[in-house]
Structure formats: C-alpha cells, structure tokens
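Q: Predicted model and sequence follow; I will ask about them next.
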Amino acid sequence: MDSWFSPFVLAPEVRDRLNRCNLRRLPGEQTETDDRGLLLVYSTPSAVLDHWCGTEGPPLRVAALQENFEQLLRLQHRGPLVADWRLAGLDDEPLVQWLQGGPAPRTLAEIPRHSPLNDLVLLNLLRSHPDLEITYREIELQAQLFHSEADTRLLERLGMPFDPDELLRHWCSGVRTSAGWDNPLDRMQRLEQDLEHYLLLCREQQQLLEEQNALNARAVQLSAGG
C-alpha cells in the first residue's frame, strides 16, 4: 500500500505523518480509474463541521457530507478505513510496520471534543438526517480502531450535559466575528432571538435524551420478558 485517500480536509500533522510513511495522496477523481490499495482516512462529523465553520468557502451541504461518507464505504474493498484522529495518536514506525502487514499498534489519542455549539448543530443535523449517523456508525464498525473503541454512540455523546455559559461564550464569539453588525438595538434583538432559539434546542436535546432512555428501558424490559 503506497497511497491514501480522503474526501475530507485533513489536519497538517496527519498529512505530514502520512508523507513520512511514504504514502502519497490519490486525488478523488482517480479513485474510479486507479485500482491500487488505499488507506481510507475519514474525519468525525464534528471535525468536518468545525473545519467548514472556519472557512470562507461555499456552505457545507448535507447531501455532500453524506456522499463523502458513503464513498468511503464503497471503497472499503480497496483498503482499511482509519479515522484521522486515531492516526494522530500513532508513532511513525509502528504505523509503517502495520502498513507492511504487521500488528496494529495502539493509538494514544482520544476522540476530540468540540464546542457545545458544534454539538448542538450536529445533534439536530443527525436528527433530521438519520442516514448520516447510520453511515458514520457503519464506517466506525468497519474501521481499523487501533485498540480504541468504536464511536457508535454519537447521539448519546452529543446529548451529554454541557456548561450553558460555555455555549454562550462560543455563540457570542462567533457572532462578534461575523459580518453585519448594525446599530446596538438591532444587535441586541438579534442576540435575544438567537439565544432563545438555542435554549429551545437545549430543551429539545434533553427531551430527546429522556425519550431514548425510556426506549432503552422498554427494550430491556421486553427482552427480559421474552
């Protein structure tokens, strides 16, 4: 295996590691015509949102994000699926040995956490497009985990309690850097409306978690009765 492919933008340190392991990037348009073995590298949905939030390019589309993950599943016969954050927790030499057929090393990295604002956006995105969460979970179940756990409880992780002050801090910092500040009255009205919206999302998030817990308890009860 001498090439890697990813439909996502990888962090410089991950790209540098792949270069040091003598892997070259195969452009996306060549994946259909070039049948060589590939290391298929993916990012978490949270990391993808985080990247696009900080760019000035065209807005991210749900259909495009779904297609990116599905493309990796279609290519999995070409080589192993690996999360970029797991690669970041490996040393070069054990990674090279694994690429040459040796045992899988143990990653020292943990799945990165992102801002509570990112979590809220992603949670509602996955609720409205459940196929996206299903596809990502399938990738995790098929991926090389390097002795870490598969990220199959994404919705539950996104629903964990968070500090509301931290949410407001991230929200306000994002608003200040965006264009379109008008007069102070307009700014105050916009903040009030947006904060009301996100507090409503918080309540919906808690309700969703309670509903999931009730369904899980019901499933356990039915299983025991069966």
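A: Ah, there it is. Residues are numbered from 1 along each chain as shown.
Q: all helices for this structure, in order.
A: Applying DSSP state H to the chain gives helices spanning 12-20, 45-53, 62-74, 84-88, 92-99, 116-128, 130-142, 154-158, 164-177, 184-225.
Q: Which of the ones you listed sits closest to residue 110?
A: helix 84-88 (8.0 Å; Cβ to Cβ). C-beta: built from backbone N, CA, C; applies to glycine.
Q: picking that back up, now render the helices of the chain as a markdown table, adding distance to residue 108 and mean pLDDT.
A: Formatted as a markdown table, the helices of the chain follow (distance: least, Cβ to Cβ, whole Å; pLDDT from 0 to 100):
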| stretch | distance to residue 108 | mean pLDDT |
| --- | --- | --- |
| helix 12-20 | 13 | 93 |
| helix 45-53 | 18 | 86 |
| helix 62-74 | 24 | 92 |
| helix 84-88 | 9 | 96 |
| helix 92-99 | 11 | 95 |
| helix 116-128 | 24 | 88 |
| helix 130-142 | 19 | 95 |
| helix 154-158 | 20 | 86 |
| helix 164-177 | 26 | 66 |
| helix 184-225 | 31 | 65 |
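Q: just the ones you listed: most buried one?
A: Among those, ranked by average contacts under mean count of other Cβ atoms under 10 Å, first place goes to helix 84-88 (a mean of 21).
Q: check contacts around residue 49.
A: Contact partners of residue 49, counting by Cβ atoms under 8 Å, 6 or more residues apart in numbering, are 60, 114, 118, 121-122, 125.
Q: these two touch, right, residue 90 and residue 105?
A: Yes: Residue 90 lies in contact with residue 105 (Cβ atoms under 8 Å); the separation is 5.6 Å.
Q: Of the two, give the one with the bigger neighbour count.
A: Shown here are residue 90 and residue 105; by other Cβ atoms under 10 Å, residue 90 has more neighbours (21 against 18).
Q: how much space between the more buried one and residue 45?
A: Residue 90 sits 22 Å away from residue 45, going by Cβ to Cβ, to the nearest Å.
Q: repeat for residue 138
A: From residue 138 to residue 45 the distance is 13 Å (Cβ to Cβ).
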